[in-house]
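Asker: Provide a 3D model corresponding to the input given below.
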Amino acid sequence: MYVLTDLSPAKLLSGATDPSALQLLVVAFPKATIRFLQSLHAKIYVADETRAIVTSANFTESGLWRNYEYGVSFDEPAVVARIRADVVCYGALGPEVMVQELQVWAMAAAERKEQKIAAERTAMLQRIREFDRKVAAFEMDILRARTRGVAPNQIFERAILHLLHFGPKTTRQVHWGIHAIHPDLCEDSVHRVIDGYHYGKKWKHALNSAQQDLKRRREIGYS
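Answerer: Reported below is the predicted structural model:
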(Lines give C-alpha, C1' and ligand atoms only; values in the text may rest on other atoms or scores of the structure.)
Protein backbone atom coordinates (compact mmCIF):
# COMPACT_ATOMS: atom_id res chain seq x y z
CA MET A 1 0.00 0.00 0.00
CA TYR A 2 1.24 3.46 -0.98
CA VAL A 3 -0.28 6.61 0.53
CA LEU A 4 0.61 10.15 -0.52
CA THR A 5 -0.92 12.90 1.59
CA ASP A 6 -0.43 16.41 2.97
CA LEU A 7 0.91 16.35 6.54
CA SER A 8 1.59 20.07 6.83
CA PRO A 9 0.99 21.61 10.28
CA ALA A 10 -2.11 23.49 9.08
CA LYS A 11 -3.70 20.25 7.85
CA LEU A 12 -2.86 18.41 11.08
CA LEU A 13 -4.07 21.18 13.38
CA SER A 14 -7.32 21.65 11.45
CA GLY A 15 -8.01 17.92 11.40
CA ALA A 16 -8.02 17.82 7.57
CA THR A 17 -5.36 15.09 7.80
CA ASP A 18 -5.52 12.63 10.69
CA PRO A 19 -2.10 11.13 11.61
CA SER A 20 -3.82 8.73 14.04
CA ALA A 21 -5.77 7.18 11.16
CA LEU A 22 -2.56 6.80 9.16
CA GLN A 23 -0.97 5.18 12.20
CA LEU A 24 -3.76 2.59 12.30
CA LEU A 25 -3.30 2.03 8.58
CA VAL A 26 0.39 1.25 9.01
CA VAL A 27 -0.41 -1.11 11.89
CA ALA A 28 -2.95 -2.93 9.71
CA PHE A 29 -0.62 -2.93 6.69
CA PRO A 30 2.98 -3.02 8.03
CA LYS A 31 4.46 -2.74 4.54
CA ALA A 32 2.50 0.43 3.78
CA THR A 33 4.47 3.45 2.61
CA ILE A 34 3.35 6.93 3.70
CA ARG A 35 4.79 9.92 1.87
CA PHE A 36 4.24 13.63 2.53
CA LEU A 37 3.81 16.36 -0.09
CA GLN A 38 2.58 19.79 0.94
CA SER A 39 -0.10 21.46 -1.21
CA LEU A 40 -1.34 18.09 -2.42
CA HIS A 41 -5.05 18.41 -3.20
CA ALA A 42 -5.71 15.55 -5.63
CA LYS A 43 -7.96 12.68 -4.58
CA ILE A 44 -6.84 9.57 -6.44
CA TYR A 45 -7.42 5.93 -5.49
CA VAL A 46 -5.67 3.12 -7.35
CA ALA A 47 -6.37 -0.56 -6.77
CA ASP A 48 -3.27 -2.47 -7.81
CA GLU A 49 -3.07 -1.84 -11.55
CA THR A 50 -6.66 -2.78 -12.37
CA ARG A 51 -8.73 0.30 -11.48
CA ALA A 52 -8.19 3.97 -10.70
CA ILE A 53 -10.65 6.59 -9.49
CA VAL A 54 -10.03 10.32 -9.79
CA THR A 55 -12.63 12.10 -7.69
CA SER A 56 -13.60 15.06 -5.55
CA ALA A 57 -14.12 12.75 -2.54
CA ASN A 58 -11.74 12.81 0.40
CA PHE A 59 -10.84 9.52 2.07
CA THR A 60 -13.27 10.16 4.93
CA GLU A 61 -16.62 8.77 6.03
CA SER A 62 -18.36 11.86 4.68
CA GLY A 63 -16.43 11.79 1.43
CA LEU A 64 -17.07 8.12 0.80
CA TRP A 65 -20.62 7.69 2.10
CA ARG A 66 -22.51 10.92 2.77
CA ASN A 67 -21.47 13.78 0.50
CA TYR A 68 -22.51 14.33 -3.09
CA GLU A 69 -19.22 13.78 -4.89
CA TYR A 70 -18.14 13.30 -8.48
CA GLY A 71 -15.41 11.19 -10.00
CA VAL A 72 -14.26 9.14 -12.94
CA SER A 73 -13.34 5.44 -12.81
CA PHE A 74 -10.76 3.93 -15.16
CA ASP A 75 -10.06 0.25 -15.81
CA GLU A 76 -7.95 0.40 -18.97
CA PRO A 77 -4.54 -1.00 -17.93
CA ALA A 78 -2.51 1.68 -19.72
CA VAL A 79 -4.52 4.54 -18.17
CA VAL A 80 -4.44 2.99 -14.68
CA ALA A 81 -0.67 2.47 -14.95
CA ARG A 82 -0.19 6.11 -16.01
CA ILE A 83 -2.26 7.42 -13.10
CA ARG A 84 -0.38 5.19 -10.65
CA ALA A 85 2.97 6.34 -12.09
CA ASP A 86 1.94 9.99 -11.69
CA VAL A 87 1.10 9.44 -8.01
CA VAL A 88 4.46 7.76 -7.39
CA CYS A 89 6.19 10.56 -9.31
CA TYR A 90 4.56 13.18 -7.06
CA GLY A 91 5.45 11.09 -4.01
CA ALA A 92 9.13 11.13 -4.94
CA LEU A 93 9.13 14.89 -4.39
CA GLY A 94 8.45 14.47 -0.67
CA PRO A 95 9.87 12.34 2.14
CA GLU A 96 8.66 9.01 3.49
CA VAL A 97 7.06 9.32 6.92
CA MET A 98 7.85 6.83 9.68
CA VAL A 99 5.14 5.41 11.95
CA GLN A 100 6.96 6.82 15.00
CA GLU A 101 6.66 10.30 13.49
CA LEU A 102 2.95 9.82 12.89
CA GLN A 103 2.53 8.88 16.56
CA VAL A 104 4.42 11.97 17.76
CA TRP A 105 2.55 14.28 15.38
CA ALA A 106 -0.83 12.83 16.35
CA MET A 107 -0.13 13.52 20.03
CA ALA A 108 1.29 16.97 19.29
CA ALA A 109 -1.66 17.94 17.09
CA ALA A 110 -4.15 16.84 19.76
CA GLU A 111 -2.27 18.78 22.42
CA ARG A 112 -2.07 21.91 20.25
CA LYS A 113 -5.84 21.76 19.63
CA GLU A 114 -6.55 21.55 23.37
CA GLN A 115 -4.17 24.44 24.07
CA LYS A 116 -5.79 26.54 21.39
CA ILE A 117 -9.23 26.00 22.89
CA ALA A 118 -7.91 26.86 26.36
CA ALA A 119 -6.16 29.97 25.05
CA GLU A 120 -9.27 31.15 23.22
CA ARG A 121 -11.45 30.59 26.27
CA THR A 122 -9.23 32.47 28.68
CA ALA A 123 -7.78 35.01 26.22
CA MET A 124 -4.68 35.06 28.43
CA LEU A 125 -1.70 36.53 26.62
CA GLN A 126 0.70 34.10 28.29
CA ARG A 127 -1.27 31.07 27.11
CA ILE A 128 -1.57 32.45 23.62
CA ARG A 129 2.20 33.01 23.47
CA GLU A 130 2.83 29.50 24.79
CA PHE A 131 0.47 28.08 22.18
CA ASP A 132 2.24 30.01 19.38
CA ARG A 133 5.64 28.81 20.64
CA LYS A 134 4.56 25.16 20.65
CA VAL A 135 2.97 25.45 17.22
CA ALA A 136 6.26 26.87 15.90
CA ALA A 137 8.15 23.94 17.44
CA PHE A 138 5.62 21.51 15.95
CA GLU A 139 6.08 23.08 12.51
CA MET A 140 9.87 22.78 12.83
CA ASP A 141 9.61 19.06 13.71
CA ILE A 142 7.62 18.49 10.52
CA LEU A 143 10.04 20.56 8.45
CA ARG A 144 12.94 18.46 9.77
CA ALA A 145 11.08 15.34 8.63
CA ARG A 146 10.42 17.01 5.27
CA THR A 147 14.09 17.75 4.65
CA ARG A 148 15.68 14.71 6.38
CA GLY A 149 18.98 16.59 6.75
CA VAL A 150 19.28 16.84 2.97
CA ALA A 151 20.69 19.99 1.39
CA PRO A 152 18.03 22.19 -0.26
CA ASN A 153 19.68 22.01 -3.70
CA GLN A 154 19.22 18.20 -3.63
CA ILE A 155 15.53 18.59 -2.82
CA PHE A 156 15.17 21.19 -5.57
CA GLU A 157 17.00 19.00 -8.11
CA ARG A 158 14.24 16.38 -7.88
CA ALA A 159 11.59 19.06 -8.25
CA ILE A 160 13.32 20.65 -11.26
CA LEU A 161 13.53 17.31 -13.08
CA HIS A 162 9.88 16.68 -12.26
CA LEU A 163 8.85 20.05 -13.75
CA LEU A 164 10.98 19.62 -16.89
CA HIS A 165 9.48 16.17 -17.44
CA PHE A 166 6.42 18.04 -18.73
CA GLY A 167 8.39 20.20 -21.17
CA PRO A 168 10.84 23.15 -21.30
CA LYS A 169 10.36 25.92 -18.73
CA THR A 170 11.58 29.48 -18.37
CA THR A 171 13.48 30.43 -15.21
CA ARG A 172 10.37 32.21 -13.95
CA GLN A 173 8.23 29.14 -14.59
CA VAL A 174 10.74 26.95 -12.73
CA HIS A 175 10.70 29.36 -9.77
CA TRP A 176 6.91 29.37 -9.70
CA GLY A 177 6.77 25.56 -9.98
CA ILE A 178 9.29 24.98 -7.17
CA HIS A 179 7.43 27.41 -4.92
CA ALA A 180 4.16 25.59 -5.66
CA ILE A 181 5.68 22.18 -4.82
CA HIS A 182 7.58 23.26 -1.69
CA PRO A 183 5.85 26.42 -0.35
CA ASP A 184 6.98 25.72 3.22
CA LEU A 185 10.64 25.66 2.15
CA CYS A 186 10.39 28.70 -0.12
CA GLU A 187 8.96 31.42 2.11
CA ASP A 188 10.38 34.71 0.88
CA SER A 189 9.67 36.51 4.16
CA VAL A 190 11.31 34.00 6.52
CA HIS A 191 14.93 33.00 7.03
CA ARG A 192 14.94 29.48 8.38
CA VAL A 193 17.85 27.17 9.21
CA ILE A 194 17.02 23.46 9.37
CA ASP A 195 19.80 21.12 10.50
CA GLY A 196 22.41 23.61 9.28
CA TYR A 197 20.83 24.19 5.86
CA HIS A 198 19.32 27.53 4.86
CA TYR A 199 15.74 27.72 3.59
CA GLY A 200 13.23 30.52 3.30
CA LYS A 201 14.67 33.79 1.95
CA LYS A 202 17.71 32.06 0.43
CA TRP A 203 15.77 29.37 -1.44
CA LYS A 204 16.50 30.87 -4.88
CA HIS A 205 20.25 30.64 -4.21
CA ALA A 206 19.84 26.92 -3.52
CA LEU A 207 17.64 26.57 -6.58
CA ASN A 208 20.32 28.21 -8.75
CA SER A 209 22.93 25.80 -7.33
CA ALA A 210 20.63 22.88 -8.12
CA GLN A 211 20.22 24.07 -11.72
CA GLN A 212 23.98 24.49 -12.15
CA ASP A 213 24.66 21.01 -10.70
CA LEU A 214 22.11 19.43 -13.06
CA LYS A 215 23.60 21.31 -16.01
CA ARG A 216 27.14 20.26 -15.03
CA ARG A 217 25.99 16.62 -14.98
CA ARG A 218 24.27 17.21 -18.33
CA GLU A 219 20.88 16.21 -16.96
CA ILE A 220 19.43 19.52 -18.13
CA GLY A 221 20.41 22.18 -20.64
CA TYR A 222 19.65 25.82 -21.37
CA SER A 223 18.38 27.19 -24.65
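
Asker: from here on, just use CA atoms for contacts and neighbour counts.
Answerer: OK.

Asker: quick one, what contacts A159?
Answerer: Listed by C-alpha atoms under 8 Å, 6 or more residues apart in numbering, the contact partners of A159 are 93, 178, 181.

Asker: can you pull out the low-pLDDT segments for the protein?
Answerer: Within the chain, the ranges that satisfy pLDDT under 70 run 119-125.

Asker: quick one, phi/psi of the residue nearest the centre of the chain?
Answerer: Nearest to the mean C-alpha position of the chain, by C-alpha atoms, centre = their mean, lies L37 at 1.8 Å. Backbone torsions of L37, given as degrees, to the nearest 10, read phi -140, psi 110.

Asker: please apply the same query to the one 3 residues further on.
Answerer: For L40, the backbone dihedrals are phi -70, psi 130 (criterion: degrees, to the nearest 10).

Asker: so the residue nearest to the centre of the chain sits right up against L7, yeah?
Answerer: Yes - between L37 and L7 there is a contact under C-alpha atoms under 8 Å: 7.2 Å.

Asker: contacts for stretch 176-196 next, please.
Answerer: By C-alpha under 8 Å, 6+ apart, stretch 176-196 touches 37-39, 140, 143-144, 147, 149, 156, 159-160, 163, 198-203.

Asker: for the nearest residue to I44 once chain neighbours are set aside, what are its contacts?
Answerer: What sits nearest to I44 in space, not counting adjacent residues and going by C-alpha to C-alpha, 6 or more residues apart in numbering, is V54, at 4.7 Å. Contacts for V54 (C-alpha under 8 Å, 6+ apart) come out as 42-45, 71-73.

Asker: just among those residues, which is most surrounded?
Answerer: I44 (20 neighbours; other C-alpha atoms under 10 Å).

Asker: would you map the helices across the protein?
Answerer: With helices called from DSSP state H, the chain shows them at 9-14, 19-28, 61, 77-91, 99-122, 125-147, 152-164, 171-181, 203-216.

Asker: what's the most buried one of these?
Answerer: Of the helices of the chain, the one with the most neighbours on average (mean count of other C-alpha atoms under 10 Å) is helix 152-164, at a mean of 19.

Asker: got the angle for that helix vs helix 77-91?
Answerer: If you take axes from the mean of the first three to the mean of the last three C-alpha atoms, to 10 degrees, helix 152-164 sits at 150 degrees to helix 77-91.

Asker: what is the orientation angle of helix 152-164 with helix 125-147?
Answerer: 70 degrees.

Asker: domains in the chain, by residue range?
Answerer: Per the record, the chain has its domains at 2-91, 152-216, by automatic domain parsing.

Asker: F59 versus R66, what's the distance?
Answerer: 12 Å (C-alpha to C-alpha, to the nearest Å).

Asker: between these two, who's got more neighbours?
Answerer: The neighbour count for R66 versus F59, taken as other C-alpha under 10 Å, is higher for F59 (13 against 9).

Asker: contacting residues around the more buried one?
Answerer: K43.

Asker: if you set the cut-off to 7 Å instead, what comes out?
Answerer: With contact set as C-alpha atoms under 7 Å, 6 or more residues apart in numbering, F59 has no partners.
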